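Q: Let me see the structure of the following:
(one chain, ligands or ions: 1)
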Amino acid sequence: MKVVSKISELKNQIGEWKAAKYSIGFCPTMGSLHAGHMDLVEASKKETDKTILSIFVNPTQFNDPKDFHQYPVNTEIDLMLCESKGVDLVFLPEVTTMYPETKTPIQLSIPALQKNLCGRTRPGHFEGVLQIVSKLFHLTEPNKTFFGLKDYQQFRVISAMVENLNFPLEVIGVPTRREEDGLAMSSRNVRLSNKERETASLIPRMFALAKKTIHSGERDINLWKEILRDFLLTGDSLRIDYLEVVDPIGLEPKDKLEGEVLLAIAVFVGDVRLIDNQIIQIPN
Ligand code: AMP
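A: Numbering: from 1, shown residues only. As a prediction, the model looks like this:
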């Protein structure tokens, strides 16, 4: 496995692979890797010849500087995990490599997909994501790229960027990997105390309650959201950032429970922000 931090080294390797007609799969991450990230790697290895994983804690996508500084870093273990899963190249750039000083910064955004959910409560977040991911796409030249559906809005925003700007690649969504109790795996979970971890288990239980109430006939969307909110708020030190029901494609708020809906939440447990979502099919 190659580990490179300079763009020139990355480009050299990609040049060789392209010349040999290998297809390239790319999994962008912020490190502190877990089994969810490895699912992206596994999917990439199945579908492409060479897998690149990047580790870069991207400062421009953090609207809260404290969150950025507290983001867990675990590079040595990350590299061992990548090696054991057969990643071909890890790209580990410095901040100054990705963001050399410029007087003419660019800004990308997809307003229609960013006005709700995390786009609403984390201003600037998706601009930062689009900026870094578009740069990484140009640098890694992948045929396919793999994104977790846990960050569903990110998946939609990246897919829309690729479509709008004709990036010659395919964006593939990978299902959310969960802990035994159903909590979505996240690099941030290590920051939860035992008590907070217990509180966090209310999240998968809320999704179970969401499905149960739908199957027992609940169709009043406001009442449904209220039941789910009240359930979450039984948790100690849990604060809801948002709990929204939107259309899974356009991410527009739904006013009726019908068809497919995306139930998406972000909560703070202590000062750790956790997100999760599920697509729920509402029976006729
Ligand atoms: P992150 O390092 O949190 O920026 O995540 C890097 C990529 O891994 C993103 O595409 C995430 O959606 C994906 N990812 C993170 N957690 C999970 C998970 N539990 N299951 C599947 N994919 C995930």
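
Q: Do you know the pLDDT at Ala20?
A: According to the prediction, Ala20 has pLDDT 98.

Q: could you pull out the helices for the chain?
A: 7-19, 35-47, 65-70, 75-84, 95-98, 111-114, 117-121, 125-140, 152-164, 194-200, 202-215, 221-232 (DSSP state H).

Q: Ok, which of these comes nearest Asp271?
A: Across the helices of the chain, Asp271 has its closest neighbour in helix 65-70 (7.9 Å, CB to CB). Quick note: C-beta positions are derived from backbone N, CA and C, even for glycine.

Q: quick one: buried residues of the closest one?
A: Within helix 65-70, no residue counts as buried by 16 or more other CB atoms under 10 Å.

Q: what's that helix in contact with?
A: For helix 65-70, the external contacting residues (CB atoms under 8 Å, 6 or more residues apart in numbering) are Val57, Pro59, Phe62, Arg191, Asp271, Arg273.

Q: Could you single out the nearest of these to the ligand?
A: Proximity of those to the ligand (CB to the nearest ligand atom) peaks at Val57, which lies at 8.5 Å.

Q: In contact with the closest one: list those residues for me.
A: Val57 neighbours (CB under 8 Å, 6+ apart): Met30, Gly31, Phe68, Tyr71, Val73.

Q: next one: Gln278
A: Residues counted as contacts of Gln278 (CB under 8 Å, 6+ apart) are Phe207, Ala210, Leu262, Leu263.

Q: just Pro59 next, same as before
A: Counting by CB under 8 Å, 6+ apart, Pro59 touches Phe68, Val95, Tyr99, Gly128.

Q: I'd like to know which of those is nearest to the ligand.
A: For the contacts of Pro59, the nearest to the ligand is Gly128 (11.5 Å; CB to the nearest ligand atom).

Q: Let me know the pLDDT of the residue sitting nearest the centre point of the chain.
A: Geometric centre of the chain, nearest residue: Asp151, 3.3 Å, by CA atoms, centre = their mean. As summarised for this prediction, Asp151 has a pLDDT of 98.

Q: go on, Met30?
A: 98.

Q: Apart from its neighbours in sequence, what residue is nearest it?
A: Excluding its sequence neighbours, the residue lying closest to Met30 (CB to CB, 6 or more residues apart in numbering) is Val57, at 4.8 Å.

Q: can you check Ile106 too?
A: Closest residue to Ile106 apart from its sequence neighbours, by CB to CB, 6+ apart: Gln131 at 6.9 Å.

Q: what about the one you found, how many neighbours?
A: By the criterion of other CB atoms under 10 Å, Gln131 has 20 neighbours.

Q: Show me what from the stretch 51-200 of the chain comes close to the ligand.
A: Counting by CB under 6 Å from any ligand atom, the stretch 51-200 of the chain comes close to the ligand at Phe147, Gly148, Lys150, Asp151, Val174, Thr176, Arg177, Ala184, Met185, Ser186, Ser187.

Q: sorry, back to before: between the contacts of Gln278, which is nearest the ligand?
A: Looking across the contacts of Gln278 and measuring by CB to the nearest ligand atom, the closest to the ligand is Phe207, at 14.0 Å.

Q: Does the closest one touch Asp181 like I think?
A: No: judged on CB atoms under 8 Å, Phe207 makes no contact with Asp181 at a distance of 11.6 Å.

Q: Neighbour count for these two, which is higher?
A: Neighbours were counted for Phe207 and for Asp181 using other CB under 10 Å; Phe207 has more, 19 against 12.

Q: residues in contact with Ala264?
A: The contact partners of Ala264, by CB under 8 Å, 6+ apart, come to Leu117, Tyr152, Gln153, Tyr242, Leu243, Glu244, Val245, Val246, Ile275, Asp276, Asn277.

Q: where does the last one land on pLDDT?
A: For Asn277, the model assigns a pLDDT of 98.

Q: likewise the first one?
A: In the predicted model, Leu117 carries a pLDDT score of 98.

Q: wait, what's in contact with it?
A: Contact partners of Leu117, counting by CB under 8 Å, 6+ apart, are Gln153, Tyr242, Glu244, Val246, Leu251, Ala264, Ala266.
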